[in-house]
Structures are given as C-alpha cells and as structure tokens.
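Novice: pasting a predicted model and its sequence here:
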Amino acid sequence: MSGASGPLFRGWEVVVGLEVHTQLLTKTKLFCRCENRFGAPPNTLVCPVCLGHPGTLPVLNGEAVRLGVRAGLAAGCRVSPVSTFERKHYFYPDLPKGYQISQYAQPLLTGGGLRIRTETGERTIRIHRMHLEEDAGKNLHAGLPDRSHVDLNRAGVPLLEIVSEPDIRSPDEAVDYLKRLRQLLRATKVSDGNMEEGSFRCDVNLSIRRAGAKDFGTRVEIKNVNSFRFVHKAMVYEIERQIEAVESGEKILQETRLFDPVSGRTKSMRSKEEALDYRYFPEPDLPLLVLEPSLVEEERGALPELPEQRMERFCEEIGLARADAEILVAEEAIALYFEEGLQRFRTTIPEKEGLRKARERWTSFVVSEVLREFNRRGEEVLSGPTAVTQTVDLIERVLAGSLSFSQAKEVYSRAVEERKTPVLLVEELGLSQVSGEGELLALVEAVLSENPSEVAAYRGGKDRLFGFFVGAVMKKSRGKANPEKVNDLLRDKLKG
C-alpha cells in the first residue's frame, strides 16, 4: 500500500485504483485469425473459434504477446518468464462461450509504475499487474426500446488489462495517470488509445476513509468510463455520494455502478463480483506461456523514446518551457510534426538568434493552431496541403517580415478548411506585410497628424493611448503593417 496522501474532501481521503483495458494493435484477434478491426457491419468479423462453437481450439496470437511485453517494459514492469491463462466465468449475452480467456494466477507482467503530477509535486503511481485477455462482444440498445441486439465482432479482440495499485488520491491525479498511460501506449504503438471506439476503457475502483486512517473503506467500482472528462465527473459525484452516505449513517455497499453522462451521476448496476464468483480455473486448451529471453531483450532494445524522455529532451536540449513540452508530447503525431519542422529551420537558419526566434514562433504556432485543427480533424491536417514543409514555409514568411503572425494563423485555418497549400492562399488573398521603413513611416506620421489631441495626451502621461496609435496604423494599412516595426517607429515619433 502507498503511503502517499492527497487532498482531503471535507476531512475524508479518497483511495482509487484504476483498471484500464486497452485494445492491442494486432491485425487479428487473440485466439483466431479473424480481423481485429473497428467499424465493420455487425457480426461479420467472426468465426467458430471466437463464437465459442464446441470442439474449436484457441491458438495464441504471438504479436499480442510481443505488444504486451513492450508495454510492460516501457512502464518498468517485471516480465514473467512463465505465465498462464485461465477461464473467467460469467454469463452475459455478449460472451458467447460463457467464459472469458484471461490471465489470473500468473500474469504476463507485474510491478512498474507511471510518474504523475500532483498538488505536492511528482510521484509514482505503482502498477500492480498487466495481463492479456480476450474482449467480449457488445450489447446494442440504442433505438431498440423493447429488445437488445448483440454484435460479436469485438469478441476475442486482444486486450491488455493494466491494473494500478490504490495509490491515486483525487480525480485530477486519476486523469493525469490515464493521460500518461495513453501517451505511453500510443508512443510504443501498443494501442491507438481511441476512447471513442472503445480501445481504451477505464474502470474506477473508489473508496473513502477518514483522514489519517490506515484501513481502506468499502470499494465501489465504476464500470467502463470512456473519456477523461467523464472519469473526472464520475469520481467527483461518487466521492460526494459516499461522503454524504457515511455521514448520514448509511453503509456503503460493495457494488458495480455505471456513470450516466447526461445526469452526471453514477447508478447501481449489480453487486461487485469477487474472484471466487468468476470460478477461475486453468484454460485446458492453452499451454503455459513461456517467453524466450531473446524476445524480451529484442523488445527492450527496440523501445522508442518514451514521452517522459522526449519531454525532458525538449526542455533541456531545445529549451522549451515545460508547459509547452507537455502539450507537444501528449500526442505522438504532433511531437513528430513539431520536430520535423524544427529540423527544417535548423537547415535553413544558421544564426543562433534567428533559430531561437524560429523555434519560438514554430512552438507557438504548433501548440495553438496545428494542435487545435488536429483535435478537430485528426491526422489529416498533418499531411497533404498542410504538411510540415508547407506550414514551415508559412512561418518562414513571418520571420522574413513578409507576413504577420496573425495573417499566418488566418491563412493556415483557411488552408485546412479549403484543402489548399498556405502559399497558394497567400497569393490568392494578396497578403503581404508592409515592412519597408518609408511606407511605415508615412502611415505613422499620417495617424499622428490626424490625432493631435491624443498625441498631446500621450505625451502628458496617458501611456495607454499607445495601443490606440498602433491600432490606427494597422487599420490604415488594412492589417498589413509589420507590428514590431510599427511599435518601434511610434515610440520614436512620440518621444518628441
């Protein structure tokens, strides 16, 4: 048990452990050759093995084992040289065999942990175990008021279940842990972590205890929460519900609850099962899983730079602010896009000061503009007309003074919308920044001569009028004046 304490909720401490089920990026299912693919018509990616027909035999997918080992090594887990599969029995319509092949007594991976940020600094959330198991199918209820349908395409899909120790002490800590775990899985190409498609799902095990108490309270499980925001909301509601219940003299029941995103509440689903309820016993159709040491070492040697390592490198070698570095490494594709652009600047800008300015502009642009469009549209914005080479060209124009930063943002937004290259749009829109000192000086002098009372007031101490002059020059130039040069010229002229 962790000795870490967290924020108190009205004198109560929250104790949370998370169980994450992540779908592995294999081409086929865990024990058969059916496709592992999302979005196919219902019940089209099935065969006698994943449908549990009598007499069929499972054959373990070696790539799923390799991906599980990779995830465990990335999280610092111990890889078990020998692990076993068991049958986990329960009876739902979406489980055609009446049991799920999982790992229980001897899991593939144990130990390890992930660093998170808390109100009192960084600490490690320990991982209890990671193990392989097959997914169940999916019950469909939407639009069917008096019946349900079952889609078994997902039955047999390979999952890695990642169980944390009960070290989490707040909703914020839970969300940070989940985000860092998802980053790790995506960076190592173990899982795509797509929460909307169900390939990264979370069960929250939550209890409360009086501040300073050592014993755990009664644990309640919140099942299958599929977004970071909903995890946070479900935990906030459940904390308040349990505190109010205990303070009113009620007893917390050990149960499984579901979170309703519409009402923002959790509701009782069933009493919580224990291991005995599942009647685990060894899977008779699968031998022991014995790992060759060479496979483990091969995966260890092939591990890519992990998100935490990349963030430290961005801060120490590139000089990024930690907040920007954390944003960039949150998405693997964005981090690679950012670095590719930075490499382009290194080859075209030899001077140290020029490279510093380019890095600052590029960081700001990727963190704001590119990331916003990526979140809206996905990876399509990182290729084609708005690929790195095209977007870097846009920032190079800003650095050269032929385009303002605000114009670059406008062009990029339209380029994404219209699927046109930014440079072509610059020409179509007739955008160019006025940077010549003669032209700018004429604009500045015109604005000052048209506003003599404001000039006198500024010189009399009303410094806030400076923004008025800048705005007037920009308006007169129809937004094309170089703002930095306008500021310099105005300061010089307003001295006298």
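Specialist: Done, it's in. Residues are numbered from 1 along each chain as shown.

Novice: any idea where the helices of the stretch 251-400 of the chain begin and end?
Specialist: 275-278, 293-301, 307-313, 322-329, 332-348, 352-365, 371-377, 388-400 (DSSP state H, counting those that start in this stretch).

Novice: please apply the same query to the stretch 51-200 of the chain.
Specialist: For the stretch 51-200 of the chain, helices defined by DSSP H, counting those that start in this stretch occupy the ranges 62-74, 171-187.

Novice: could you dump the ones you listed to a markdown table with mean pLDDT, mean neighbour count and distance to Lys223?
Specialist: Just so you know, the C-beta spots here come from the backbone N, C-alpha and C atoms, and that holds for glycine as well. Converted to a markdown table, the helices of the stretch 51-200 of the chain look like this (pLDDT from 0 to 100; neighbours: other C-beta atoms under 10 Å; distance: least, C-beta to C-beta, whole Å):
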| stretch | mean pLDDT | mean neighbour count | distance to Lys223 |
| --- | --- | --- | --- |
| helix 62-74 | 98 | 22 | 22 |
| helix 171-187 | 96 | 22 | 15 |
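
Novice: I'd like those as a markdown table, with distance to Gly52 appended.
Specialist: Formatted as a markdown table, those follow (distance: least, C-beta to C-beta, whole Å):
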| stretch | distance to Gly52 |
| --- | --- |
| helix 62-74 | 19 |
| helix 171-187 | 29 |
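
Novice: just to revisit the earlier point, which of the helices of the stretch 251-400 of the chain has the lowest mean pLDDT?
Specialist: Ranked by mean pLDDT, these bottom out at helix 275-278, with a mean of 74.

Novice: what residues does that one touch?
Specialist: With C-beta atoms under 8 Å, 6 or more residues apart in numbering as the test, helix 275-278 has contacts from 88-90, 104.

Novice: hmm, Lys485 is touching Leu441, no?
Specialist: No - assessed by C-beta atoms under 8 Å, Lys485 is found out of contact with Leu441, at 9.4 Å.

Novice: the two: which is more packed in?
Specialist: Neighbours per residue (other C-beta atoms under 10 Å) separate Lys485 from Leu441, with Lys485 holding more: 19 against 15.

Novice: contacting residues around the closest residue to that one other than its chain neighbours?
Specialist: Nearest-residue entry for Lys485: Leu440, 5.5 Å, with adjacent residues in sequence omitted and distances by C-beta to C-beta, 6 or more residues apart in numbering. Counting by C-beta under 8 Å, 6+ apart, Leu440 touches 434, 473, 481-482, 485-486, 489.

Novice: now do 7 Å
Specialist: Leu440 is in contact with 434, 481-482, 485-486, 489, counting by C-beta atoms under 7 Å, 6 or more residues apart in numbering.

Novice: only the buried members of those residues: can you turn that into a ChimeraX selection?
Specialist: ChimeraX command restricting these to the buried ones, with burial defined by 16 or more other C-beta atoms under 10 Å:
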select :434,481,482,485,486,489
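
Novice: pick out the most distant pair among the contacts of Leu440.
Specialist: Farthest apart among the contacts of Leu440 by C-beta to C-beta are Val434 and Leu489. That separation is 11.6 Å.

Novice: who is Val204 paired with across the strands?
Specialist: Taking DSSP bridges, one obtains Leu18, Ile222 as the residues bridged to Val204.

Novice: sorry, back to before: make a markdown table out of the contacts of Leu440 and add distance to Arg219 and secondary structure.
Specialist: Putting the contacts of Leu440 into a markdown table (distance: C-beta to C-beta, whole Å; DSSP: H, G, I helix; E, B strand; the rest coil) gives the following:
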| residue | distance to Arg219 | secondary structure |
| --- | --- | --- |
| Val434 | 67 | strand |
| Ala481 | 64 | strand |
| Asn482 | 62 | coil |
| Lys485 | 64 | helix |
| Val486 | 63 | helix |
| Leu489 | 68 | helix |
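
Novice: not counting sequence-adjacent ones, nearest residue to Arg210?
Specialist: Trp12 is the one closest to Arg210 (C-beta to C-beta, 6+ apart), at 6.4 Å.

Novice: check contacts around the one you found.
Specialist: Applying C-beta under 7 Å, 6+ apart, we find Trp12 in contact with 208-211, 243.

Novice: need the buried ones from these selected in ChimeraX.
Specialist: Entered in ChimeraX, the line below selects the buried ones among the contacts of Trp12, by 16+ other C-beta under 10 Å:
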select :208,209,243
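
Novice: how close does the residue nearest to the spatial centre of the chain sit to Ser227?
Specialist: Closest to where the C-alpha atoms of the chain average out (C-alpha atoms, centre = their mean) is Lys179, at 5.0 Å. According to C-beta to C-beta, to the nearest Å, Lys179 and Ser227 sit 11 Å apart.

Novice: again with Gly198
Specialist: Gly198 is 11 Å from Ser227, by C-beta to C-beta.

Novice: over to Glu353?
Specialist: For Glu353, the distance to Ser227 (C-beta to C-beta) stands at 44 Å.

Novice: what's the closest of the helices of the stretch 51-200 of the chain to Glu35?
Specialist: That would be helix 62-74 among the helices of the stretch 51-200 of the chain, by C-beta to C-beta, at 13.4 Å.

Novice: list the contacts of the nearest residue to Asn194 once chain neighbours are set aside.
Specialist: Leaving aside its sequence neighbours, Asn194 sits nearest to Phe200 (C-beta to C-beta, 6+ apart; 6.6 Å). By C-beta under 7 Å, 6+ apart, the contact list for Phe200 reads 20, 22, 182, 191, 193-194.

Novice: closest one to Gly460 out of the residues you listed, please.
Specialist: Nearest to Gly460 among the contacts of Phe200 is Arg182, at 57.7 Å by C-beta to C-beta.

Novice: touching, the closest one and Gly193? I think so.
Specialist: Yes - the criterion here is C-beta atoms under 7 Å, and Arg182 meets it with Gly193 at 4.3 Å.

Novice: which member of the contacts of Trp12 is positioned nearest Phe338?
Specialist: Lowest distance from Phe338 to those (C-beta to C-beta) belongs to Ile208, with 41.7 Å.

Novice: what's across from the closest one in the sheet?
Specialist: Listed by DSSP bridges, the beta-bridge partners for Ile208 are Val14.

Novice: I'd say it and Val14 touch.
Specialist: Yes - counting by C-beta under 7 Å, Ile208 does reach Val14; the two are 5.8 Å apart.

Novice: can you pull the residues that touch both of the two?
Specialist: Common neighbours of Ile208 and Val14, counting by C-beta under 7 Å, 6+ apart, are Ile239.
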